[in-house]
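Asks: coordinates only, sequence not included:
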């Protein structure tokens, strides 16, 4: 009877874990297709939020989709929902839920836990909310979001230091628990062998497994360009907002930060020079007005699964290999390599990359990876012990344990897939108001007439060639 119950329990765990994993990956793929087809289909987002599944993930996905559709109010509604859950489900998380999530991670995988997001995603939520408010001509609300984004940037380093220290402490505790479970198993195995007058089949965890996993992963991983967890686009947009808000000195300071991250960037240097000139004049005002082209280029990175076979245990005299699954970043395609903005007076400027979002994602991902590798190894090791215990009872249970371990070895591949590959910027004077934007071959993608009494942002998103979404923001 006990054997039947154990089989049913294992089968149920396998069934629900497999279904949950397939459902999540399938829905993310469907959502990505909606983005690629430039559709305004919120059915997946609405279904997931109604069920309460991964509220943070689907709120930020929905917020980005609503921006694509030009519904900035709806976009901020989604982002507000994400921020609410960041606050209560992540930043103020109940310790009992931490224990629950740790148990799920070890016995199943991290896909069983609600999505908690990344720091760069939180910063982008405030950045997009500021852009939404600017598009709605709500500058005071935009200012609030700009300040929140800057504050999030400021505390990013401190948060990471604390977060990584916490992960190390948690993984150390998990490792100690694993060793205690191993010692208990070995004690029982030795007593059983003494009773049966046989040789004890003891198990010993290979602590080098984490280093092996890390080394195998880093052989194919990409180094991050940004090492301090700052999103240069958020810094740039904040500086641009402050420049047009006549907070010239604060704008100069932020443009200077941008140049420190990217000293040879001609666009940041050009805007720094403009801000510095305005800061040096008494009661300075724009003598001529400008149009900034902000270009969201391509699709940003997503996660893919990498399986690694590790010698996790020495079972008596034989090494036992287990498979662990780890996430890796997959870098998707850019759209147009650059765009050029022109007026009828002969002024033109091509876009330069302000922020490579692949590198922003990689900076945080690489910092967290050792913790992810440790979690995956501990999870696989715990399942190996369970499998060995089941095999000692009955070979059929041992086989089911093997299937259980193999089936639940899944990497968490959830991420904000709607982000671009990069943010690129160009600026020219407005003059007579006639503006065109062309691709690298001179093909016209956009024509606009702008009044020349205000500075303007033309915000253009192109996830892939042939697809252009644009709107104007008067500053």
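Replies: Cool, got the structure. These numbers come from a predicted model, not from an experiment.
Asks: host element of residue 412?
Replies: Using DSSP states H and E, residue 412 maps to neither a helix nor a strand.
Asks: burial measure for the nearest residue in space to it that is not next to it in sequence, as a count.
Replies: Among residues not flanking residue 412 along the chain, residue 110 sits closest, at 4.2 Å (C-beta to C-beta, 6 or more residues apart in numbering). Where you see a C-beta, it was placed from the backbone N, CA and C, and this is true even at glycine. Look at residue 110: counted by other C-beta atoms under 10 Å, it has 20 neighbours.
Asks: Residue 110 and residue 371 touch, don't they?
Replies: No: applying C-beta atoms under 8 Å, one finds residue 110 not in contact with residue 371, separated by 10.9 Å.
Asks: Am I right that residue 445 is in a helix?
Replies: No: counting by DSSP: H, G, I helix; E, B strand; the rest coil, residue 445 is not found in a helix; it is strand.
Asks: quick one: low-confidence parts of the chain?
Replies: Residue ranges of the chain with pLDDT under 70: 1-23, 92-108, 157, 159-161, 163-165, 167-168, 171, 216-225, 227-229, 316-319.
Asks: Go again with 50.
Replies: For the chain, applying pLDDT under 50 flags the ranges 1-6, 8-11, 15-19, 220.
Asks: mind listing the helices for it?
Replies: According to DSSP state H, the chain carries its helices in the segments 2-36, 43-51, 55-68, 72-85, 95-107, 119-135, 139-196, 209-218, 232-244, 248-261, 266-279, 357-393, 395-408.
Asks: closest one to residue 461 among those helices?
Replies: helix 55-68 (6.7 Å; C-beta to C-beta).
Asks: Please pick out the residue of this protein most distant from its centre.
Replies: Computed with C-alpha atoms, centre = their mean, the residue of the chain farthest from its C-alpha average is residue 197, at 55.3 Å.
Asks: Residue 131 contacts residue 471, doesn't it?
Replies: No: with contact defined as C-beta under 8 Å, residue 131 does not count as touching residue 471 (9.7 Å).
Asks: Between those two, tell me which one has more neighbours.
Replies: Neighbours per residue (other C-beta under 10 Å) separate residue 131 from residue 471, with residue 131 holding more: 24 against 14.
Asks: Residue 259: what's it in contact with?
Replies: 265, 268, 269, 272 (C-beta atoms under 8 Å, 6 or more residues apart in numbering).
Asks: now the residues you listed in CSV, with distance to residue 70 and neighbour count?
Replies: Listed next are the contacts of residue 259 as CSV, based on distance: C-beta to C-beta, whole Å; neighbours: other C-beta atoms under 10 Å:
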residue, distance to residue 70, neighbour count
265, 30, 19
268, 28, 26
269, 33, 16
272, 32, 21
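Asks: Take those residues and lay them out in a markdown table including distance to residue 236.
Replies: A markdown table is the format used below for the contacts of residue 259 (distance: C-beta to C-beta, whole Å):
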| residue | distance to residue 236 |
| --- | --- |
| 265 | 9 |
| 268 | 7 |
| 269 | 12 |
| 272 | 10 |
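Asks: and of those residues, the nearest to residue 238?
Replies: Closest to residue 238, out of all of the contacts of residue 259 and judged by C-beta to C-beta, is residue 268, at 12.5 Å.
Asks: Hmm, the closest one is touching residue 262, no?
Replies: Yes: the pair residue 268 / residue 262 is scored as a contact, 6.3 Å apart, by C-beta under 8 Å.
Asks: shared neighbours of those two, anything?
Replies: residue 354.
Asks: Number of residues surrounding residue 113?
Replies: Residue 113: 17 surrounding residues under other C-beta under 10 Å.
Asks: Could you give the backbone dihedrals for it?
Replies: phi -100, psi 150 (degrees, to the nearest 10).
Asks: That one and residue 361, how far apart?
Replies: Distance from residue 113 to residue 361, counting by C-beta to C-beta, to the nearest Å: 20 Å.
Asks: before we move on, the earlier item: okay if I get the helices of the chain as JSON lines plus distance to residue 327?
Replies: Converted to JSON lines, those look like this (distance: least, C-beta to C-beta, whole Å):
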{"stretch": "helix 2-36", "distance to residue 327": "12"}
{"stretch": "helix 43-51", "distance to residue 327": "20"}
{"stretch": "helix 55-68", "distance to residue 327": "14"}
{"stretch": "helix 72-85", "distance to residue 327": "21"}
{"stretch": "helix 95-107", "distance to residue 327": "13"}
{"stretch": "helix 119-135", "distance to residue 327": "15"}
{"stretch": "helix 139-196", "distance to residue 327": "15"}
{"stretch": "helix 209-218", "distance to residue 327": "9"}
{"stretch": "helix 232-244", "distance to residue 327": "24"}
{"stretch": "helix 248-261", "distance to residue 327": "26"}
{"stretch": "helix 266-279", "distance to residue 327": "32"}
{"stretch": "helix 357-393", "distance to residue 327": "7"}
{"stretch": "helix 395-408", "distance to residue 327": "15"}
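Asks: Show me the one of the ones you listed that comes nearest residue 311.
Replies: Of all the helices of the chain, it is helix 209-218 that lies closest to residue 311, at 6.9 Å by C-beta to C-beta.
Asks: Residues touching the closest one, excluding its own?
Replies: Taking C-beta under 8 Å, 6+ apart as the rule, helix 209-218 contacts 306, 308, 310-312, 324, 326, 328, 369-370, 373-374, 376-377, 381.
Asks: and residue 335, backbone torsions?
Replies: On the backbone of residue 335 - angles per degrees, to the nearest 10 - the values are phi -100, psi -110.
Asks: residues in contact with it?
Replies: Shown in contact with residue 335 (C-beta under 8 Å, 6+ apart): 297, 298, 421, 462, 463, 464, 465, 467.
Asks: how about 7 Å then?
Replies: The contact partners of residue 335, by C-beta atoms under 7 Å, 6 or more residues apart in numbering, come to 297, 298, 462, 463, 464, 465.
Asks: Over to residue 411?
Replies: With C-beta under 7 Å, 6+ apart, residue 411 has these contacts: 305, 325, 326, 327.
Asks: any idea how far the nearest residue to the second one once chain neighbours are set aside is from residue 323?
Replies: Meaning residue 325. Nearest non-adjacent residue to residue 325, counting by C-beta to C-beta, 6+ apart: residue 411, 4.2 Å away. Distance of residue 411 to residue 323, computed by C-beta to C-beta: 11 Å.
Asks: The closest residue to residue 419 other than its chain neighbours: neighbour count?
Replies: Using C-beta to C-beta, 6+ apart and skipping residues adjacent in sequence, the residue nearest residue 419 is residue 300, 4.0 Å away. As a burial measure, residue 300 scores 23 neighbours (other C-beta under 10 Å).
Asks: Also residue 66?
Replies: Around residue 66 there are 23 residues (other C-beta under 10 Å).
Asks: swap in residue 187?
Replies: So residue 187, with other C-beta under 10 Å, has 12 neighbours.
Asks: Would you check that residue 156 makes contact with residue 118?
Replies: No: counting by C-beta atoms under 7 Å, residue 156 stays clear of residue 118, with 10.7 Å between them.
Asks: Mind checking which of the two has more residues around it?
Replies: A count of neighbours by other C-beta under 10 Å puts residue 156 above the other of residue 156 and residue 118, at 20 against 17.
Asks: Roughly how far does the more buried one sit from residue 226?
Replies: According to C-beta to C-beta, residue 156 stands 11 Å off from residue 226.
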